[in-house]
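[1] Sequence and predicted structure are below.
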Amino acid sequence: MPWKRNTTSAILQTEWAKIEAAGDTANKTALKSFVTNYFDPAGSDLISVSSINYYELIPDWSDAPSFLKNISNSDLRKFAKEVNMLWPDLSKGTSNSTRDNPEKHTLLFQNNTIIVPGSQ
């Protein structure tokens, strides 16, 4: 989860210290408020590439790869094509913020797309 744009490490340390100082009285609501106030949603540093021209990002990907013609069983060939068509949905790019503000992310910037199993 990336830090929100105006968040600094000093703010995080100060606010977290308040929660720690509360000890056992710190509750789920305080923790949820801390996360909501200072972090963007999980996965917001990833960009779905299925909505972009996938052929530009992965030039060697094809929606009809040549190996499909070598599969004689029609059910298996259909399954293989369906699996192949999942790649654009499973592929993600990293946001420019991961490159421009690496201190605010745990995700490292990638020049290329990455595959996220389960597309999450």
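    Received it, and whenever you're ready, just let me know what you need.

[2] And the helices in this structure?
    9-21, 28-38, 54-57, 74-84, 87-90, 96-100 (DSSP state H).

[3] and Asn111, which of those is closest to it?
    Set against Asn111 and scored by Cβ to Cβ, the helices of the chain come closest in helix 96-100, at 8.8 Å. C-beta coordinates here come from the backbone N, C-alpha and C atoms, glycine included.

[4] quick revisit: go through the helices of the chain and name the closest to Ser48.
    Ser48 sits nearest to helix 87-90 of all the helices of the chain, at 7.9 Å, using Cβ to Cβ.

[5] Render the CA-only coordinates of the closest one in CSV, please.
    This file holds the C-alpha atoms of helix 87-90, laid out as CSV (Å, rounded to 0.1, in the frame of the first residue of the first chain):
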residue,chain,number,x,y,z
TRP,A,87,-2.4,-13.1,-19.8
PRO,A,88,-3.6,-9.6,-20.6
ASP,A,89,-5.8,-9.7,-17.5
LEU,A,90,-3.1,-11.1,-15.3
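
[6] Flag every buried residue along that helix.
    With burial defined by 16 or more other Cβ atoms under 10 Å, the residues of helix 87-90 counted as buried are 87-88, 90.

[7] Give the residue farthest from the middle of the protein.
    Ranked by distance from the centre of the chain (Cα atoms, centre = their mean), the top residue is Ser72, with 36.8 Å.

[8] Pull up the per-residue confidence for that one.
    Looking at Ser72, its pLDDT stands at 96.

[9] For stretch 13-23, what does the pLDDT average out to?
    Stretch 13-23 carries an average pLDDT of 83.

[10] That one: how far from the chain's middle?
    In terms of Cα atoms, centre = their mean, to the nearest Å, the centre of stretch 13-23 is set 29 Å apart from its chain centre.

[11] Export only the CA atoms of that stretch, formatted as CSV.
    What follows is stretch 13-23, C-alpha atoms only, in CSV (Å, rounded to 0.1, in the frame of the first residue of the first chain):
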residue,chain,number,x,y,z
GLN,A,13,5.9,8.1,12.9
THR,A,14,4.0,10.7,14.9
GLU,A,15,0.6,9.2,14.3
TRP,A,16,1.8,5.7,14.9
ALA,A,17,3.4,6.7,18.2
LYS,A,18,-0.1,8.0,19.3
ILE,A,19,-1.6,4.6,18.6
GLU,A,20,1.3,2.8,20.4
ALA,A,21,0.9,5.2,23.4
ALA,A,22,-2.8,4.2,23.7
GLY,A,23,-1.6,0.6,24.4
